[in-house]
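Q: I'd like to go over a predicted model; first the sequence, then the structure.
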Amino acid sequence: MFKKIISNTALMLVLSTCTAYAGTQIGATRVIYTEGKKEASVNITNKDASPYLIKSWIENSNLSGSHFIVTPPLFRMDGNQKNVIRIFKTNNQLPTDRESLFFLNITSIPASSTEEDRNTLQIAVRTKMKLIYRPKALMYDIPETFSQKIIWTVNGNSITGKNSSPYYLNLAQITLNGKVIPMAEKNYLPPMSSTTYELPQGTSKIGVLEWSVINDHGGKGNTHTAKL
């Protein structure tokens, strides 16, 4: 018997080499699905001796319709075993001049095999990672090369980053005069668009801005600077 999922408990682990929780390890921090690719896959390893129920699904960012499917969407993973979830593109069309963003969710639900387990609070943990669809026309550039071209402007108590490239630029960190600017879940700049962030209280609006982006492999790129 598997424990009830506590839906409001979730962890987003996006900067480590591989994502691990409650004995279950995921071998990716993001998925890049290039146009024409037959499928994309994500490895999952159960490091515990006890089984888990693995549930996976995909959320659209701001697009309607179903564009990807995950298989298997729900399966039991026994102790010390490995498995693979596969992602397939449907026939629904996506923009060909820019990337499209989705989110892959993987939930690990611990099993209860003893009476002691049944009387213990077990927490199901959800990992949410970016799934980026990249058209063929964009396969010849590296998104990170556009990070230094971000245009930043300060307006009142906020700062806006403008991304004129066709790629999603995933930000690792932004600092102004050494103070970290919180990004929460808005840790990316959409293609041909912009994102606005609130400045921490007491931050000087004049000085040196520093930022870096995350590459396709989940690593941190070069730090760029600009004077405001």
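A: Thanks, I have it. Residues are numbered from 1 along each chain as shown.

Q: Please make it C-alpha for all contacts and neighbour counts, starting now.
A: Fine.

Q: shouldn't residue 60 be in contact with residue 105?
A: No. Using C-alpha atoms under 8 Å, residue 60 is not in contact with residue 105, being 11.1 Å away.

Q: Can you tell me, leaving aside adjacent residues, what's nearest to residue 194?
A: Distance criterion C-alpha to C-alpha, 6 or more residues apart in numbering; nearest residue to residue 194, sequence neighbours excluded, is residue 162 at 4.3 Å.

Q: give me every residue that touches the one you found.
A: Residue 162 sits next to 150-152, 189, 192-195 when contact means C-alpha atoms under 8 Å, 6 or more residues apart in numbering.

Q: List just the nearest of those to residue 43.
A: Checking the contacts of residue 162 against residue 43 with C-alpha to C-alpha, the nearest one is residue 189 at 27.6 Å.

Q: what bridges to the closest one?
A: residue 169 (DSSP bridges).

Q: Please verify my assumption that it contacts residue 195.
A: Yes. Using C-alpha under 8 Å, residue 189 is in contact with residue 195, at 5.8 Å.

Q: ok, these two, which is more surrounded?
A: Neighbour count, other C-alpha atoms under 10 Å: between residue 189 and residue 195, residue 189 has more, with 24 against 16.

Q: per-residue pLDDT, the more buried one?
A: pLDDT, residue 189: 97.

Q: Could you list which residues are in contact with it?
A: 161-163, 168-171, 195.

Q: Without its sequence neighbours, what residue ends up closest to residue 79?
A: With C-alpha to C-alpha, 6+ apart as the criterion, residue 79 has its nearest non-adjacent residue at 4.0 Å, and that residue is residue 49.

Q: thinking again about what came up before, filter the contacts of residue 162 to the buried ones?
A: Among these, those classed as buried by 16 or more other C-alpha atoms under 10 Å are 150, 152, 189, 194-195.

Q: Quick one: list the elements packing against the helix or strand where residue 129 lies.
A: Following DSSP states H and E, one finds residue 129 within strand 125-134. If contacts are counted by 3 or more C-alpha pairs under 8 Å, 6 or more residues apart in numbering; DSSP states H and E, strand 125-134 sits against strand 30-34, strand 100-110.

Q: Minimum distance to residue 222: which of the ones you listed has it?
A: strand 30-34 (19.1 Å).

Q: how many degrees apart are the next helix or strand after the closest one and strand 100-110 in direction?
A: Using DSSP H and E, the next helix or strand after strand 30-34 towards the C-terminus is strand 40-46. Counting by axes from the mean of the first three to the mean of the last three C-alpha atoms, to 10 degrees, strand 40-46 points 20 degrees away from the direction of strand 100-110.

Q: Note down every partner strand of strand 40-46 and its orientation.
A: With DSSP bridges as the test, strand 40-46 is paired with strand 24-26 (antiparallel), strand 82-89 (antiparallel).

Q: Tell me what angle that strand forms with strand 30-34.
A: 150 degrees.

Q: hmm, back to that, next, report how far the strand holding residue 129 is displaced from the centre of its chain.
A: 4 Å (C-alpha atoms, centre = their mean, to the nearest Å).

Q: Lovely, talk soon.
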